[in-house]
Each structure stands twice: as C-alpha cells, then as structure tokens.
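1. sequence? don't have it. structure:
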Ligand SMILES: Cc1ncc(COP(=O)(O)O)c(C=O)c1O
C-alpha cells in the first residue's frame with residue numbers, strides 16, 4: 001500500500017470521526033493537566049514548578065545559566081512541559097507511526113486549537129495552524145481575493161516575511177502594492193501621527209492593510225486598536241467586499257501582551273508560536289475573523305474531510321466549507337510531536353497568567369530602557385511609552401557598529417541580537433527567562449564597552 005492509499009483510508013476514518021471528535025478529545029499527552037504534571041515533576045525529584053515565582057519559571061528552561069538570554073525571543077527554548085510532551089508524542093510515533101497517527105491526529109490537533117483559543121480568548125474554529133509566522137503571512141497574502149486594480153497597503157516598518165509574501169503574490173497576480181511610513185522617528189512617534197498616516201495612506205482601491213504589531217526593527221508597538229478604529233470609520237462607507245482588512249504580523253506581541261484578537265480589533269492575526277510564547281519550534285497560527293476568512297482562498301491543500309472527499313469523488317460541486325480551522329490549515333504530514341506539544345506551551349502561559357507575563361516583560365523592558373538612557377553614548381530608538389512598546393528594546397551606540405558591540409557583549413556572556421534590516425540596531429528582549437539581575441549585568445557590561 002502506498003503512503004497515499006494509507007493516507008486516504010486514514011482520512012476516511014478521520015472523515016467519519018471528525019464531526020464527533022471536534023472539541024471533544026481526551027488524550028494521551030504526557031500529563032493532561034497542570035496538577036498531574038506538577039505531581040510528576042515532584043515525583044521525579046525536580047523541584048515542583050511554581051508559576052508565581054519567576055525563578056521557578058526560569059528553572060523550567062534548560063537555557064545556559066552562564067548567559068543572559070536577551071535574544072531568547074528569536075527562536076524559543078522549550079520549557080520542561082513542552083520538552084516532555086514532545087518526547088511523549090515522538091515516542092508514540094516512533095513505536096507505531098501509522099497507528100498512533102490514525103488514532104490521535106484529529107483529536108490532538110483539536111486540543112492544540114482549543115488551548116490556543118483559550119489562551120487567546122478566541123474561537124477555536126477561527127484558528128488555522130501553521131509552522132511559522134512566515135508560512136501564515138504567505139498563505140494569507142497569497143490567498144487574499146483581490147480583483148484587478150485592487151491593492152494591498154503595507155508599511156515600511158514590516159519585516160521581510162510580510163514584504164516578500166506580498167511582493168511574490170503581486171508578481172503572480174499583477175495586483176499592486178505600496179508601502180507607507182507610519183512615523184518618521186520611532187522614539188518620538190505618537191498614536192496620532194501613526195493613525196493619521198494610516199488614514200492618509202488608504203485609497204479607494206485598498207483592500208488590505210498589512211501591519212506589524214511590534215516592530216522587530218525598532219521595538220515600536222503599534223496602536224493596533226486605534227488603527228482598527230480608524231479603519232472601521234473608513235469601512236463604514238464601503239460595501240462589504242471593498243472593506244479594508246487589517247492584517248497583523250503579531251509575532252513579537254504574541255506571548256508577551258495581554259490582549260485578545262477582539263481587543264486588537266484586527267481581521268487577521270498571524271504569528272509564530274516559537275518566539276515569545278516559547279512554544280515548540282516550527283509552530284504558528286493564523287487567527288481570522290469569520291467574515292475575513294471568507295475573503296481568503298486556501299493556498300496549500302488542507303486534507304480537510306470535505307476537500308478530501310470532493311477530490312476522491314471527482315469534485316462534483318466542490319467542497320462544502322467546514323471552518324477556517326480545518327479548511328485553512330495546510331495539510332500534509334507535519335512534525336507532529338512539535339505541533340501537538342503546542343498545547344503545553346499555551347498551558348504554561350495560562351498557568352503563569354497572560355497578564356503577569358505581559359507586566360513582567362514590560363517591567364524588565366522599562367528597566368532596561370531606563371538604564372540604557374543613562375549611558376551617554378547610547379540612543380534608545382524604542383518608544384519609552386508602554387503604550388507604544390512591548391518586550392523588544394533597540395538602541396544604537398554613537399561611533400560604533402551594532403555587530404561590533406554585539407560581539408563584545410557576547411564576550412561578556414550577554415546574548416543579544418542585531419536588527420535584520422537595512423538599519424542595524426542592537427536589539428534585546430527581556431522576557432520570562434530573564435530577571436532584574438540579568439538587566440543589571442547587561443547594563444554593567446555595556447557601561448564597560450561604551
Ligand atoms: C516581525 C517579524 N515577523 C516574522 C518573523 C519571522 O517569524 P517566523 O520565523 O515565525 O516565520 C520575524 C523574525 O523572525 C519578525 O521579526
């Protein structure tokens with residue numbers, strides 16, 4: 001039997017089961033609730049995890065104690081519960097890959113979506129699972145329905161993943177796109193300046209606004225809600241299919257801010273789960289408002305039961321829509337052990353508290369910004385205002401190149417990064433794996449360098 005035959009048969013049983021299992025699975029994850037996990041941790045001789053204690057949170061990671069991890073947000077290290085879950089699923093797959101997959105795939109995927117929905121304060125059926133932010137952005141911008149003459153508006157502050165997804169789509173379909181500046185200087189920008197530039201940038205032919213929640217170039221956190229409110233005014237005068245969709249690359253806010261997609265007021269929130277959320281490497285998601293999902297055609301076949309059956313039966317009238325969660329999640333086999341352990345990452349954050357993570361991140365970032373601003377040759381480019389900043393802190397040093405300083409910091413056991421943009425800044429991200437002592441060490445190290 002070929003892989004495709006087996007897959008089809010598995011998918012048939014999946015089709016038969018899918019209605020019943022959606023939202024109703026109890027499964028084999030390492031330990032299914034936090035108290036069981038805590039008990040197991042104690043039994044194994046490890047100190048029990050106390051989510052109210054930041055040093056206990058840090059202790060869940062195997063990040064080297066010899067380094068200050070201010071670039072941990074670039075790609076996640078996994079906390080213990082995530083590592084354990086990955087090992088558990090990998091063992092199941094290694095033992096009986098086909099059997100394990102057939103018995104568990106649908107329900108485990110469903111558990112991940114439910115955990116994501118719980119964490120986000122959203123509906124599980126609106127969440128498509130991906131492997132990264134980049135995959136989500138590419139799917140979104142490739143699949144967005146645009147007619148001739150309609151355009152996507154992006155900003156000059158977005159990352160490569162947004163710009164290239166839109167550019168490649170435009171090359172294929174001939175739709176135009178533009179980039180606008182939202183502010184002239186991140187350090188002094190205001191909500192008014194940003195919103196006014198959005199309003200000026202929108203044209204009658206604009207159908208989507210692509211923005212980035214927290215800029216990895218400067219640390220600016222956009223006032224997404226205020227932008228959404230401005231768009232609502234503009235959309236009020238438009239027919240439904242001409243409304244401007246607000247599409248957000250959310251990766252540097254997701255996992256360190258205490259807001260839901262509804263709070264943000266966006267139409268799409270695209271994120272990886274392997275940065276600030278410290279989820280399994282190679283995981284991500286797209287949340288979309290149900291009416292916005294209606295304007296996106298899937299790019300990668302989903303293997304959803306409807307589309308699979310339509311294909312088996314020669315398509316007929318085409319597949320009936322199920323939900324974005326099933327229709328818009330790319331199909332094909334995945335690194336399942338990582339995908340399924342994403343549930344544990346959301347639960348880890350839920351146990352600590354989304355509000356506490358946000359407050360901690362902000363507090364450490366503020367402490368870092370204040371310390372940096374006392375160093376004469378340092379200019380912080382991230383806004384001081386908590387309304388316009390999150391965990392990323394960017395700065396420059398007069399008379400020195402960012403990569404040079406980065407190396408000197410690394411020599412003093414401080415792990416930071418440099419912005420991957422034309423303008424190079426030093427970039428640090430205090431997070432749940434750093435402490436006040438780490439910020440002090442960093443400022444001491446810098447004061448010896450600059
Ligand atoms: C703003 C922004 N978006 C997207 C990405 C890419 O994320 P991913 O690796 O999840 O595709 C990055 C950096 O890695 C980024 O800084």
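-> That came in fine, so what should we check first? Being a predicted model, the structure only gives us computed values, none of them experimental.
2. nearest to the ligand: which residue in the protein?
-> Nearest residue of the chain to the ligand (C-beta to the nearest ligand atom) works out as residue 272 at 2.7 Å. Where you see a C-beta, it was placed from the backbone N, CA and C, and this is true even at glycine.
3. show me what that residue is bridged to.
-> residue 284 (DSSP bridges).
4. that one touches residue 281, doesn't it?
-> No: contact status for residue 272 versus residue 281: not in contact, 9.2 Å apart, counting by C-beta atoms under 8 Å.
5. who's more crowded, those two?
-> residue 272 (30 against 19; other C-beta atoms under 10 Å).
6. can you find the helix or strand of the protein with the lowest average pLDDT?
-> helix 3-21 (a mean of 36; mean pLDDT, DSSP states H and E).
7. tell me, what's touching residue 272 and residue 281 both at once?
-> Overlap of the contact sets of residue 272 and residue 281 (by C-beta atoms under 8 Å, 6 or more residues apart in numbering) is empty.
8. show me what contacts the residue of the chain closest to the ligand?
-> By C-beta under 8 Å, 6+ apart, the residues touching residue 272 are 132-134, 136, 251, 254, 283-284.
9. quick one: the residues you listed as CSV, columns for secondary structure, neighbour count and pLDDT too.
-> Shown next, in CSV, are the contacts of residue 272 (DSSP: H, G, I helix; E, B strand; the rest coil; neighbours: other C-beta atoms under 10 Å; pLDDT from 0 to 100):
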residue, secondary structure, neighbour count, pLDDT
132, coil, 20, 98
133, helix, 26, 98
134, helix, 20, 98
136, helix, 29, 98
251, coil, 29, 98
254, coil, 27, 98
283, coil, 27, 98
284, strand, 26, 98
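10. and the two most separated of those?
-> In the contacts of residue 272, two members sit farther apart than any others by C-beta to C-beta. They are 134 and 254, at 14.1 Å.
11. all strands of the protein, in order?
-> When assigned using DSSP state E, the strands of the chain occupy the ranges 68-69, 127-130, 151-155, 176-180, 206-212, 245-249, 268-272, 284-288, 378-380, 393-397, 414-415, 417-418, 426-428.
12. excluding chain neighbours, what is closest to the residue at minimal distance from the centre of the chain?
-> Nearest to the geometric centre of the chain sits residue 271, at 2.4 Å (C-alpha atoms, centre = their mean). Excluding its sequence neighbours, the residue lying closest to residue 271 (C-beta to C-beta, 6 or more residues apart in numbering) is residue 254, at 3.9 Å.
13. quick one: that neighbour and residue 120, what's the gap?
-> Distance from residue 254 to residue 120, counting by C-beta to C-beta, to the nearest Å: 9 Å.
14. do the same with residue 286
-> Residue 286 sits 12 Å away from residue 120, going by C-beta to C-beta.
15. just want to know which of the two has more residues nearby.
-> Using other C-beta under 10 Å, the more surrounded residue of residue 286 and residue 120 is residue 286, with 27 against 22.
16. can you pull the contacts of that one?
-> So residue 286 contacts 127-128, 130, 136, 139-140, 268-270, 324, 328 (C-beta under 8 Å, 6+ apart).
17. repeat that with 10 Å
-> By C-beta atoms under 10 Å, 6 or more residues apart in numbering, residue 286 lies in contact with 126-130, 133, 135-137, 139-140, 247, 250, 268-271, 293, 296, 324-325, 328-329.
18. and residue 426, by the same measure?
-> Neighbour list for residue 426: 70, 372, 378, 380-381, 393-397, 400-406, 409, 416-419, 446 [criterion: C-beta under 10 Å, 6+ apart].
19. for beta bridges, what are the partners of it?
-> Residue 426 has these beta-bridge partners by DSSP bridges: residue 395, residue 418.
20. so how far is residue 181 from it?
-> Between residue 426 and residue 181 the computed distance is 23 Å (C-beta to C-beta).
21. run through the neighbouring helices and strands of the lengthiest helix in the chain.
-> When the chain is parsed with DSSP state H, its longest helix is helix 97-120. Applying 3 or more C-beta pairs under 10 Å, 6 or more residues apart in numbering; DSSP states H and E, we find helix 97-120 packed against helix 3-21, helix 80-95, strand 127-130, strand 268-272, strand 284-288, helix 324-327, helix 336-340, helix 342-352.
22. winner for burial among the ones you listed?
-> strand 268-272 (a mean of 30; mean count of other C-beta atoms under 10 Å).
23. show the average pLDDT along it.
-> What strand 268-272 shows for mean pLDDT is 98.
24. and the stretch 151-300 of the chain, which of its residues are near the ligand?
-> Within the stretch 151-300 of the chain, the residues that sit near the ligand (C-beta under 6 Å from any ligand atom) are 159, 161, 212, 216, 249, 251-252, 272, 284.
25. which of these sits closest to residue 152?
-> Nearest to residue 152 among those, counting by C-beta to C-beta, is residue 249 at 13.1 Å.
26. bridge partners for that closest one, pull those for me.
-> residue 212, residue 270.
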